[in-house]
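Peer 1: take this sequence and fold it.
(chains A, B, C and D)
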Protein chains: 2
Amino acid sequence: MLMQNLGEVGPNPPLHHTYSIGDLARELELTPRTIRHYEDEGLLKPERRGQARIYSRRDRARLMLICRGKRLGFTLADIRKFLELYEVDGNQVEQMRYCLTAARDRITVLEHQRRDIDQTLDELNEIVASMKSHLTDKAATAT
Amino acid sequence: MLMQNLGEVGPNPPLHHTYSIGDLARELELTPRTIRHYEDEGLLKPERRGQARIYSRRDRARLMLICRGKRLGFTLADIRKFLELYEVDGNQVEQMRYCLTAARDRITVLEHQRRDIDQTLDELNEIVASMKSHLTDKAATAT
DNA sequence: CATTACGTTTACGTAAACGTCAGATTGTAA
DNA sequence: TTACAATCTGACGTTTACGTAAACGTAATG
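Peer 2: Numbers count the residues shown, from 1 in each chain, chains lettered A, B, ... in the order given. Here you go, the predicted model:
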């Protein structure tokens, strides 16, 4: 329910579309080993046909969330707790209170990261501007 | 020159203020071991009085940049290259061109991170809102 | 002068996140 | 039916970023 907006948006979302581990590896630029590792760590539980893993679109959405978490520098343990926030299905109130706290904690961290990024971007842009002017100076002089 | 705004801003900036490794560890919530490790990796080169490390305000500013890089999920190797961007002193044009490219690459990464964060924040805030309403429902019913 | 607090080097340990094999299996295409 | 590509399960290796312990130096203090 909370995941409804994480699937594909394009036309004709095939109702029972599934993915092999190689499909997802190619699409998300991971190795199959990496995806299996995430499963070892409890971040994914795809179905099986025999031994082979069959990933649903929901699994794929989870995997995309995992990638985002990684890009933001979180550990797999962080991301696992994080993913639980997206799994509030038929939960008890107590667990929801916990999730609420966890979500707010994470928001705090992310907002800090955002400030860090903004500050860094400002500084880098200053450096780039200063370097560009230096370079055009040199070019003008050299010509 | 480019670092001019990274020092302290308060009144009376003591002209030759220095810090011990313990000072910086306390202030930045690192362990001395960690700071020595950054030196091993070539991120810091403090002066010595005998064997003891003496950190200048410039060193402290670098260390704060290192911490920010870590919060943003970069590796120490990344951060080392990154720090070189702040060291454009009497550089050759060729090296500046390289720095320019590096800075732009980093800006791209950071802007991606920013989008990731914004998206995640939106989703988390939705979850929090949804949980809050659920909880107040329950509370109203329970009372 | 012995203690206490801080600093040093050297070196091995460790947790996280995979990489990289080997060897077996399974599904599909010729 | 054979062959090949993709998958599987261990299991050990590797890198990063420190932790931790040993053994020692230095400086202030009661």
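Peer 1: what's the longest helix in chain A?
Peer 2: Scanning chain A for the longest helix, with DSSP state H as the assignment, gives helix A:93-142.
Peer 1: what about the closest residue to chain B within chain A, neighbour count?
Peer 2: Closest residue of chain A to chain B, CB to the nearest CB: A:Gly73 (2.1 Å). Where C-beta positions appear, they are placed from N, C-alpha and C, glycine not excepted. Per other CB atoms under 10 Å in any protein chain shown, the neighbour tally for A:Gly73 reads 15.
Peer 1: now it: which helix or strand?
Peer 2: Assigned by DSSP states H and E, A:Gly73 belongs to no helix or strand.
Peer 1: ok, A:Glu39 next?
Peer 2: helix A:32-40.
Peer 1: who's in contact with the residue of chain A closest to chain B?
Peer 2: A:Gln113, B:Arg71, B:Leu72, B:Gly73, B:Phe74 (CB atoms under 8 Å, 6 or more residues apart in numbering or on different chains).
Peer 1: and it, how far from DNA strand D?
Peer 2: 10 Å (CB to the nearest atom of the strand, to the nearest Å).
Peer 1: coming back round to it: what's the next secondary structure element after the helix holding A:Glu39?
Peer 2: Immediately after helix A:32-40, counting by DSSP H and E, sits strand A:47-49.
Peer 1: does that following strand come close to DNA strand D?
Peer 2: No. Strand A:47-49 stays out of contact with DNA strand D when judged by CB under 7 Å from any atom of the strand, the minimum separation being 7.6 Å.
Peer 1: any residue of that strand up close to DNA strand C?
Peer 2: Yes. Strand A:47-49 reaches DNA strand C (CB under 7 Å from any atom of the strand) through A:Arg49.
Peer 1: what's next to that strand, contact-wise?
Peer 2: Counting by CB under 8 Å, 6+ apart, A:Arg53, A:Ile54, A:Ser56 sit against strand A:47-49.
Peer 1: what stretches of chain A score poorly on pLDDT?
Peer 2: A:1-16, A:88-94, A:137-143 (pLDDT under 70).
Peer 1: so which residue is smack in the middle of it?
Peer 2: The centroid of chain A falls nearest to A:Arg68 when counting by CA atoms, centre = their mean (1.4 Å).
Peer 1: elements contacting the host helix or strand of that residue?
Peer 2: Here A:Arg68, judged by DSSP H and E, is contained in helix A:57-71. On a contact count with 3 or more CB pairs under 8 Å, 6 or more residues apart in numbering or on different chains; DSSP states H and E, helix A:57-71 meets helix A:21-28, helix A:32-40, helix A:76-84, helix B:93-142.
Peer 1: and the angle for it with helix A:32-40?
Peer 2: Taking axes from the mean of the first three to the mean of the last three CA atoms, to 10 degrees, one finds helix A:57-71 and helix A:32-40 inclined to each other by 100 degrees.
Peer 1: hmm, helix A:57-71 in reach of DNA strand D?
Peer 2: No. Residues of helix A:57-71 are not located near DNA strand D by CB under 7 Å from any atom of the strand, the shortest gap being 11.8 Å.
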